[in-house]
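Undergrad: Sequence and computational prediction follow.
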Amino acid sequence: MNQIEFRNVWKKFKRGEKLNSLRDTIPHLFKKTFSFNNDNGLRQEEFWALEDINFEIKKGEVVGIIGPNGAGKSTILKLLSRILVPNKGKIEISGKLSALIEVTAGFHPELTGRENVYLNGTILGMTKREIDSKFDQIVDFSGIAEFIDTPVKRYSSGMYSRLGFSVAVHMDPDILLVDEVLSVGDIAFQAKCTKKMRELLKSNTTIILVSHNLTLIESLCNRVILLQKGKIIKEGISDEVIPYYQNIVYKIEEEEFKKEMASDNYKVKINQEPLVNIRSISLCDANQNIRENFKPGESISINVEFESKEKINNPLFSLDIIRHDGVLCCASNSKENGLFIDSIKGRGSINIKLGKINLAPGIYMIKVSIWDREMIHPYDIATKDIFRIESEGVISNNAIFLPEAKWKMKQ
Amino acid sequence: MISILKEIIKYKDLLFMLTLRDIKIRYKQAIMGFMWAIFMPIIAILSGVIIKTAISFVSGKPLDLSDVASISAKVLPWTFFISSIKFAVNSLVGNRELVTKIYFPRAVFPFASIIACLFDFFIAAISITLLFAVIHIGISIYILWLPLLLIMLILFTTGIGLFLSAANLFYRDVKYVVDVILMFGIFFTPVFYEAKQFGKWEKLMLLNPIGSILEAINSSVVLHKSPDLFWVFYASITSISMFFIGLIIFQKTEPLFAENI
């Protein structure tokens, strides 16, 4: 049975804060008030936050929604919780829905913890009788029993959100919406929350989880929906969708990085007219094809073309590979690796074979420099080609290096 | 229209809790606490008495106790009306966190603020009843009109409150306009004086449903006579239609609240 159905849902928002003039709005409002068929076109300053969204969620499924900021994840949650209505399309929901979003929104600072439990509980959709029967459980879960009759304005922010969370997790919904709220309180409280989430997972509750924590999504969800710019671009099991998403993220970062490097202030200026300049850097795979994307474990070689105006004795070449966040991943120079160059003049090129480099998926920058013999004065530094290692599986940490580890167990 | 009322009944616990919240926070951290619910109308009554005394000096007609009683009987509903409107206008905008984050029928906000004002009204009404007993105003069969008149007053107030709370959500200008109207409203409503003092302008005073309701309350409670049936009928019709107009406008605009607040 489908518990949630989104059929061709469109939702638009307005940019900027310009109020519509009264002359336009009053007739418009009248039209809306009396007919309420949503017009389909975009007016000025409007944009589609969701475009033609279709999905179905069955009872008991745990579905994750991922995507970059502004993809429309929260809009979907707001549509689900009926705070917003779609401009076009249909949303069908069966069963009692509750949301672990903004669990303290219903709190009033002047009221005591006890009063706020009742107030927030009814705001979230519980009846007074339900709260009566669960009150002790709620207070117990929050762990702030001794302050329950203190106005919440005197609470610390941790106590505040713990109480809010405690109220919210004690509803028994058929559908639960969760939006990045599982990081509340200290470690002990988070352990409690995780336990509660496990219980909910077992209890056949339909759960929709929005998070940027991909590890969490992967461990909890059987299905993942990937949103980008208001469209579903991929949907399926988490092992498929999450690596796909990671690759997209890397691609975006790469473009931003390139833009940044194209701007002038990034270029290193040493002399007005360098004696030597590096004309190009290119990356090749094992078959000498120029490429920018590699898979982990592929062998990579680098070609550097340079031109020197005068004869330079004993120059030294160095190569650094730097991850997009500035971590130096490997450094090498011609002298250390046993290449002694007598002198260079005119055009030439140098080839560096890196072999299997085993860098973790991510975006990297290559920096090639030409130095004098003592490595004191650089003739030229070129920081150019970005290359990208694509991910194949789910990468959940920030490791630099992927060892070709072989695991064995002995018993 | 019926569905919105049904929804509110479904969320009656929430309505109760929000009302309780509105009442509690109004008097939290005030030494006098709930006594303010009595003091405020008493201050308003006293200012009415002062004005009345001044008028009686000018006209040479002595001020008697029944005049004081009339003012009291009319000030209380008037205070209920203006405070309800004031709180209702801000009820949605003041709860923007909830309006944009959690779903429930938004009409509970204006409803809760009006019920909270009603609570104040009843507290003050009890003390005024005691005052009436002390000054021997007496009671008559016409007091049976009072429940009907109060219901009309509540319906009218609720209708306006619903409409204005929604309007203020879209255009914050509404709040200022309402403040000005409420501030000067007392001059155009027969609160400190009687409508008939205006001679041929009397009808204009009574066209304002609040005016005709106040006059009718005065007749049935203090003057012990039947209120003017025509104006009671007129007030009932306007109040009921105002209530439903407010409700319909609120319901139609409700889906747009979250993104326009």
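TA: Done, it's in. Here the structure is a predicted model, which means the values were calculated and not measured.
Undergrad: can we go C-alpha only for contacts and neighbour counts from here?
TA: Fine.
Undergrad: my guess is residue B:15 contacts residue B:108, does it?
TA: Yes: Residue B:15 lies in contact with residue B:108 (Cα atoms under 8 Å); the separation is 5.6 Å.
Undergrad: what sits in contact with each of these two?
TA: Jointly contacting residue B:15 and residue B:108 under the rule Cα atoms under 8 Å, 6 or more residues apart in numbering or on different chains are residue B:8.
Undergrad: Which residue does chain A have closest to chain B?
TA: Residue nearest to chain B within chain A: residue A:122 (4.9 Å; Cα to the nearest Cα).
Undergrad: The host helix or strand of that residue - contacts with which helices or strands?
TA: Per DSSP states H and E: residue A:122 is located in helix A:113-123. Packing partners of helix A:113-123 (3 or more Cα pairs under 8 Å, 6 or more residues apart in numbering or on different chains; DSSP states H and E): helix A:128-142, helix A:157-169, helix B:12-27.
Undergrad: Count the neighbours of residue A:339 for me.
TA: 11 (other Cα atoms under 10 Å in any protein chain shown).
Undergrad: now it, what's its secondary structure?
TA: Under the three-state scheme (DSSP: H, G, I helix; E, B strand; the rest coil), residue A:339 adopts coil.
Undergrad: and the gap between the closest residue to chain A within the stretch 151-261 of chain B and residue B:245?
TA: Of all residues in the stretch 151-261 of chain B, residue B:252 sits closest to chain A, at 5.6 Å by Cα to the nearest Cα. Going from residue B:252 to residue B:245 by Cα to Cα, to the nearest Å gives 11 Å.
Undergrad: same question, residue B:194
TA: As judged by Cα to Cα, residue B:194 and residue B:245 stand 30 Å apart.
Undergrad: shaky segments in the stretch 151-300 of chain A?
TA: A:180-185, A:261-274 (pLDDT under 70).
Undergrad: ok, which stretches of it are helices?
TA: A:157-169, A:187-202, A:214-220, A:238-262 (DSSP state H, counting those that start in this stretch).
Undergrad: what's the most buried one of these?
TA: With neighbours taken as mean count of other Cα atoms under 10 Å in any protein chain shown, these reach their highest mean count in helix A:157-169, at a mean of 22.
Undergrad: hmm, who's touching it?
TA: For helix A:157-169, the surrounding residues in contact (Cα under 8 Å, 6+ apart) are A:99-100, A:103-104, A:107, A:113, A:117, A:120-121, A:124, A:138-139, A:141-142, A:144, A:152, A:184-186, A:189, A:196.
Undergrad: Now list the buried members of those residues.
TA: Buried positions within these, assessed by neighbour count (16 or more other Cα atoms under 10 Å in any protein chain shown), are A:99-100, A:103-104, A:107, A:113, A:117, A:120-121, A:124, A:138-139, A:141-142, A:144, A:152, A:184-185, A:189.
Undergrad: Could you pick out the residues of the stretch 101-250 of chain B near chain A for me?
TA: Neighbours of chain A within the stretch 101-250 of chain B, by Cα under 8 Å from any Cα of the partner chain: B:101, B:102, B:103, B:104, B:249.
Undergrad: can we see that at 6 Å?
TA: Applying Cα under 6 Å from any Cα of the partner chain, we find that the stretch 101-250 of chain B lies next to chain A at residue B:103.
Undergrad: Counting neighbours, what do you get for the residue in chain B that chain A sits nearest to?
TA: Distances between chain B and chain A by Cα to the nearest Cα are smallest at residue B:14, namely 4.9 Å. Residue B:14 is flanked by 28 other residues according to other Cα under 10 Å.
Undergrad: can you check residue A:343 too?
TA: 11.
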